[in-house]
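S.K.: pasted the sequence and its predicted model underneath.
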Amino acid sequence: MNPHVEQLAIPYQRSMTFLSYIRGPLVNDWVEEQAQWLIDQTTGGVPHAEENLWHTIETRFRQAYTDTAEKQKAQHNIRDLKMKGDDLDSFIAQFATTAKKAGYDLDGEATLDVFQRALPFKLVANCVKFDHPVTWNDWTASAQKHQQEYIFFKERVRGNDRRGGATKPQWRNALNNRNPNAMDIGRTRARATFTDEEKRQRVQSGLCFRCNQRGHIARFCPNQGARVTKASTSNTPVVTVQTQGPVSAAQKAQALIATLHAESEEVRDCFAEELFGKKDFLNT
């Protein structure tokens with residue numbers, strides 16, 4: 001508005017004239033609040049010529065208009081947000097900022113529903129299956145945990161050198177060269193290796209190295225432990241570990257690798273090809 005026009009030269013009159021042009025069911029309450037504020041100011045002794053009266057009304061108008069437009073834009077944009085690639089942290093930050101601009105409660109059921117829909121399905125499934133998240137903090141912590149596990153596993157298997165993964169040729173070499181510490185399936189017994197700490201604990205506890213029971217040593221074990229049998233439909237040896245105690249993940253992995261060692265070179269090469277030949281086998 002032009003303050004040099006005679007009827008607008010006085011800040012109080014300029015402000016009231018400006019408010020008179022703003023009409024509509026969505027803004028009437030706001031206009032009445034500002035008009036009442038002007039009246040209260042002048043009634044309290046503020047001169048009509050006080051320039052701050054106009055500056056305050058102008059600032060409040062700009063804030064109200066900008067906030068409303070930004071809020072509506074954020075409410076529209078948040079439904080189009082999707083996590084891109086593996087960058088979960090950037091997505092969480094972007095979603096939280098947009099939700100705040102939209103006036104949404106991060107712990108609100110509707111907000112969390114939008115957040116879940118923006119994540120990869122398998123990531124959401126793992127969060128629900130293992131952690132049962134309820135709040136925003138629950139969801140973000142669970143998603144970050146499972147995403148980190150996924151990235152670590154993917155890099156290790158696909159052979160990212162920076163993370164110490166193995167390449168396809170390295171997998172082939174590993175399968176074609178027997179590991180002397182792996183479970184032995186070339187004999188009638190398949191024996192799992194133990195760390196020095198496991199050996200010490202077993203000796204102290206008086207546990208048999210073969211069956212985990214007390215009262216005898218492995219040499220005189222009544223349970224013959226892991227045996228090699230032959231499958232009825234194949235000539236390939238099959239490793240079975242008979243133990244009443246827990247089998248470690250390392251022992252299970254050794255048994256699986258030992259089985260692969262017993263296969264032909266063609267089968268081992270196919271195994272490596274299956275791991276590395278598919279572009280995104282972890283999500284299949």
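M.R.: All right, it came through fine. Numbering: from 1, shown residues only.
S.K.: ranges for the helices of this structure?
M.R.: Counting by DSSP state H, the chain has helices at residues 11-20, 28-43, 51-77, 88-102, 109-117, 121-130, 136-158, 168-176, 196-205, 249-262, 265-277.
S.K.: just the residues contacting the second one, thanks.
M.R.: Looking back up the chat, that one is helix 28-43. Here helix 28-43 makes contact (C-beta atoms under 8 Å, 6 or more residues apart in numbering) with 12, 15-16, 19, 22-23, 48, 50, 53, 56-57, 60-61, 64. Every residue, glycine included, has its C-beta placed from N, CA and C.
S.K.: report the buried residues of it.
M.R.: Residues of helix 28-43 classed as buried: 30-31, 34, 38, 41 (neighbour count, 16 or more other C-beta atoms under 10 Å).
S.K.: what's the closest of these to residue 214?
M.R.: The nearest member of those to residue 214, counting by C-beta to C-beta, is residue 30 at 81.8 Å.
S.K.: quick one: contacts for residue 199?
M.R.: Counting by C-beta under 8 Å, 6+ apart, residue 199 has contacts residue 209.
S.K.: so for it, what's the pLDDT?
M.R.: Looking at residue 199, its pLDDT stands at 75.
S.K.: swap in residue 59?
M.R.: Listed pLDDT for residue 59 reads 89.
S.K.: in the protein, where is pLDDT below threshold?
M.R.: 1-7, 66-68, 156-194, 224-251, 253-254, 258, 260-262, 272-284 (pLDDT under 70).
S.K.: circling back to that earlier point, in CSV: the buried residues of helix 28-43, plus distance to residue 252.
M.R.: As requested, the buried residues of helix 28-43 are exported to CSV (distance: C-beta to C-beta, whole Å):
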residue, distance to residue 252
30, 68
31, 73
34, 72
38, 78
41, 79
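S.K.: and of these, the nearest to residue 142?
M.R.: residue 30 (41.7 Å).
S.K.: re earlier: now rank the contacts of helix 28-43 by neighbours and give me the top one.
M.R.: In terms of neighbours by other C-beta atoms under 10 Å, these top out with residue 15 at 25 neighbours.
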